[in-house]
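S.K.: What follows is a protein structure lacking sequence information:
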């Protein structure tokens with residue numbers, strides 16, 4: 001009986017330690033052994049992003065092997081877009097545009113914040129970021145905060161960095177990244 005209690009205590013402690021490694025996102029624990037989609041669906045701050053990923057038909061892709069770095073805009077980030085934009089993008093006839101915007105939030109690499117900062121330093125303050133969607137954005141940082149400038153000149157701040165996933169990493173951002181028009 002003592003060994004069962006000890007095993008249970010060790011399991012609880014190790015589970016707690018595993019949870020402590022990854023930040024909470026949208027009130028939900030993010031698990032390193034789950035993929036990007038499996039974790040994102042649990043974040044109350046990313047319901048708009050999840051709906052958009054589903055409408056764009058990208059669930060299977062973002063559940064795939066990766067590695068992916070996803071700059072994940074919050075619901076508040078989507079709410080900053082002009083009124084009606086999200087609803088319009090979710091219409092089936094606008095799927096191509098939605099796919100473009102969403103894939104411009106994805107980089108085909110596993111880029112943790114320290115690696116991004118090193119790339120920015122190596123490029124003397126601004127690092128070009130090529131996305132899966134064919135966009136080129138600019139990564140920079142100030143202090144310990146990473147920022148991404150999109151094709152329209154908007155700057156997204158990484159509000160939660162380094163959320164490890166089984167197929168990459170998520171960085172939560174406060175602005176939707178848009179391709180150059």
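M.R.: On my side now, so go ahead. Values in this document were obtained by computation on a predicted structure and should not be read as measured data. Numbers count the residues shown, from 1 in each chain.
S.K.: which ones are touching residue 46?
M.R.: Shown in contact with residue 46 (CB atoms under 8 Å, 6 or more residues apart in numbering): 25, 26, 40, 72, 74, 75. Where you see a C-beta, it was placed from the backbone N, CA and C, and this is true even at glycine.
S.K.: taking those one by one, which sit in helices?
M.R.: The helices, defined by DSSP state H, take in 40, 75 from the contacts of residue 46.
S.K.: Just give me the closest of the contacts of residue 46 to residue 54.
M.R.: residue 40 (10.6 Å; CB to CB).
S.K.: Do I have it right that that closest one meets residue 75?
M.R.: No - using CB atoms under 8 Å, residue 40 is not in contact with residue 75; the gap is 11.9 Å.
S.K.: which residues do those two both contact?
M.R.: With CB under 8 Å, 6+ apart, residue 40 and residue 75 have common neighbours 46, 49.
S.K.: Which one's more surrounded, the two?
M.R.: residue 40 (26 against 17; other CB atoms under 10 Å).
S.K.: Need the pLDDT of that one.
M.R.: On pLDDT, residue 40 comes in at 93.
S.K.: so how far is residue 158 from it?
M.R.: The gap separating residue 40 from residue 158 is 16 Å, by CB to CB, to the nearest Å.
S.K.: for residue 93, helix, strand, or coil?
M.R.: Classification of residue 93 by DSSP: H, G, I helix; E, B strand; the rest coil places it in helix.
S.K.: one step back: now the contacts of residue 46 in JSON lines, with distance to residue 114?
M.R.: What follows is these, written out as JSON lines (distance: CB to CB, whole Å):
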{"residue": "25", "distance to residue 114": "19"}
{"residue": "26", "distance to residue 114": "24"}
{"residue": "40", "distance to residue 114": "23"}
{"residue": "72", "distance to residue 114": "19"}
{"residue": "74", "distance to residue 114": "23"}
{"residue": "75", "distance to residue 114": "28"}
